[in-house]
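Trainee: Based on what follows, work out the 3D shape:
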Amino acid sequence: MSHPPIHLYLDGAFVEGRSTARVQVRNPADGSLLTEYAGASPADLQDALAATERGFATWSRVLALERFRIITRATALIRERAAAIARVLTLEQGKPLAESLREVQLAADIIDFLAEEGKRLAARGVPPRSPGVASQTVMRVPVGPVAAFTPWNFPSNLPARKLGGALAAGCSIIIKPDEQVAATCLEMARAFHDAGLPKGVLGVVMGNPAEISSTLIASPVIAKVSFTGSVPVGKQLGELAARHMKRYTAELGGHAPVIVCADADIAAAVKLCVQAKFRNAGQVCASPVRFLVHRSRLDEFRAAFVAGARALVLGNGMDEGTQVGPLIHERRLAQMQVLVDDALERGARLLCGGKRLDRPGWFYPPTILEGAPEDAQLQQVEPFGPIGLLDGFDTLDEALARANALPYGLAAYGFTRDLATAHRLAQDLQAGMVGINHFGVSQPETPFGGIKDSGYGHESGLEGLLGCTEVKLVSVAVA
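Mentor: Numbering: from 1, shown residues only. This next block holds a predicted model:
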């Protein structure tokens, strides 16, 4: 399968970028060159800003029901084209084709839910306290044009969260996807284009990330910034957004703990832990990293967890039967090895994996280490790869203290069959999302977001829509 050509999407047209710099896209499964393209020039970015300003003036005045009709025409096209989009996604990102297909279908579900909520975004009447005031109405209005920045690990889902909330609220949006996975985002943009989305309402630009982010965020056209990515870059863009008084949503990194209590169903927990840890080769911000298991069940959990990890089939995401694909870049392989070697030098025990595979492509095997000390980099830094840390605990107080010790707070998980323990975990785990006896904390209907260094604000769910609105009070007195 050939890779589709990659263009910018500006003012309702797919156009060649005018930058003199070329972006190369390589297949993570074998390192081969898929395509190369020209990114956005400074003039392209100004064109994108002018178009999104015009697009907002148009789209914000379209009735919510008509916006819903256009948006859901686009999601119907995404579903019709899901198999083709999934193949593009796997080629440029590497994950197994079955995962890609589920992601594209879920992206349509995310957008649909937000569009549904946009139809019924209600105003609130506040009883006046002055006799001459006839009404006081609190309204939700579109915040304005949005600049959104998405990474490479979920090329359809993450743009869906951002454009779904923006379009449903009546905002225009410019998306800058990661340059490696731009083709998937452009296929989604094509669905909106074919569904009749007015010109300028959606733009897609790629190129020099620093130049694009600084230009868009500083522009007076942009009213809201949404970023998904690393903690350092998220803080940097947050500072820039604050300097220009822009609304800001940030979904940043995590280092999710899993507490497996003594009364847990170990077989069920292990099965889910293997799936969640190694999905997308561990390149998931809410992926479990630290597995804290009650010492009375540690031997049982360890044996099953390691066996499950070793049984996973690594390979090209296009190949039938592949369960774990490659990492996105060769530099991610190097980072995995640095983290593993550091932990081993500090006394951790390697249970499986731990070395790059001797084959083409950027493959790192499912890796589990036990007993990594607190000063190991892996205990402090999000690995963002197929590495799990295993350790035992004696009391729930101890497990909670260790789970909450890091500055991250995106997701946390617990396994127990005791209702009181489940409530204790839900209350005391310091995370924006807590899953008890499962890992399904990311759904179209539920808010996705973290606390502490893991982010600010939410996407998806009703909260994802409200994040693209501003509160406006209209008070009417009798003339």
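Trainee: quick one, helices of the stretch 51-200 of the chain?
Mentor: Here the stretch 51-200 of the chain has its helices, by DSSP state H, counting those that start in this stretch, at 64-80, 82-93, 97-119, 157-169, 182-194.
Trainee: mind checking which of the ones you listed is nearest residue 293?
Mentor: Each of the helices of the stretch 51-200 of the chain was scored for nearness to residue 293 using Cβ to Cβ, and the closest is helix 97-119 (26.8 Å). Yep, even glycine has a C-beta here, placed from its N, CA and C like the rest.
Trainee: Check which residues of that closest one are buried.
Mentor: 97, 99-101, 103-118 (16 or more other Cβ atoms under 10 Å).
Trainee: so it versus helix 82-93, what angle?
Mentor: Computed with axes from the mean of the first three to the mean of the last three Cα atoms, to 10 degrees, the direction of helix 97-119 lies at 110 degrees from that of helix 82-93.
Trainee: tell me the angle helix 97-119 makes with helix 64-80.
Mentor: Counting by the same axes, to 10 degrees, helix 97-119 lies at 170 degrees to helix 64-80.
Trainee: tell me the mean pLDDT for helix 97-119?
Mentor: If you average the pLDDT over helix 97-119, you get 98.
Trainee: and the angle for it with helix 157-169?
Mentor: Direction vectors for helix 97-119 and helix 157-169, defined by the same axes, to 10 degrees, enclose an angle of 20 degrees.
Trainee: what about residue 133, neighbour count?
Mentor: Taking other Cβ atoms under 10 Å as the neighbour definition, residue 133 ends up with a count of 14.
Trainee: so how far is stretch 23-39 from its chain's centroid?
Mentor: Between the centre of stretch 23-39 and the centre of its chain there are 22 Å (Cα atoms, centre = their mean, to the nearest Å).
Trainee: Just the CA trace of it, in CSV.
Mentor: As requested, the backbone C-alpha atoms of stretch 23-39 are provided in CSV (Å, rounded to 0.1, in the frame of the first residue of the first chain):
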residue,chain,number,x,y,z
VAL,A,23,9.8,16.3,6.5
GLN,A,24,10.6,12.6,6.1
VAL,A,25,8.1,9.9,7.3
ARG,A,26,9.5,6.5,7.9
ASN,A,27,7.7,3.2,8.6
PRO,A,28,8.5,2.2,12.2
ALA,A,29,8.2,-1.5,11.3
ASP,A,30,11.2,-1.5,9.0
GLY,A,31,12.6,2.0,8.8
SER,A,32,11.8,2.4,5.2
LEU,A,33,10.9,5.9,3.8
LEU,A,34,7.1,6.2,3.3
THR,A,35,7.1,9.7,1.9
GLU,A,36,8.4,13.2,2.4
TYR,A,37,6.7,16.6,2.2
ALA,A,38,7.1,20.3,2.7
GLY,A,39,5.9,21.8,5.9
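Trainee: List the contacts of it.
Mentor: The set of residues that contact stretch 23-39 without belonging to it, under Cβ atoms under 8 Å, 6 or more residues apart in numbering, is 3, 5-7, 16-22, 91-94, 179-180, 182-183, 205-208, 315-318, 325-330, 360-362.
Trainee: Next, the buried residues of it.
Mentor: Across stretch 23-39, burial judged by 16+ other Cβ under 10 Å covers 23, 25-29, 34-35, 37-39.
Trainee: would you turn these into a markdown table with pLDDT, secondary structure and distance to residue 143?
Mentor: Conversion of those to a markdown table gives the following (pLDDT from 0 to 100; DSSP: H, G, I helix; E, B strand; the rest coil; distance: Cβ to Cβ, whole Å):
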| residue | pLDDT | secondary structure | distance to residue 143 |
| --- | --- | --- | --- |
| 23 | 97 | strand | 31 |
| 25 | 98 | strand | 33 |
| 26 | 97 | strand | 37 |
| 27 | 98 | coil | 38 |
| 28 | 98 | coil | 36 |
| 29 | 98 | coil | 40 |
| 34 | 97 | strand | 36 |
| 35 | 97 | strand | 35 |
| 37 | 98 | strand | 31 |
| 38 | 98 | strand | 32 |
| 39 | 98 | coil | 27 |
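Trainee: which one of the residues you listed sits closest to residue 153?
Mentor: Within those, the smallest distance to residue 153 is 11.6 Å, found for residue 28 (Cβ to Cβ).
Trainee: what's the most distant pair in the buried residues of stretch 23-39?
Mentor: When the buried residues of stretch 23-39 are compared pair by pair using Cβ to Cβ, the two farthest from each other are 29 and 38, 25.1 Å apart.
Trainee: So residue 48: helix, strand or coil?
Mentor: Assigned with DSSP: H, G, I helix; E, B strand; the rest coil, residue 48 falls in the helix class.
Trainee: distance of the spatially closest residue to it that is not a sequence neighbour from residue 147?
Mentor: Here the nearest residue to residue 48 in space, its sequence neighbours aside, is residue 203; by Cβ to Cβ, 6 or more residues apart in numbering that works out to 4.6 Å. Using Cβ to Cβ, to the nearest Å, one obtains 9 Å as the distance from residue 203 to residue 147.
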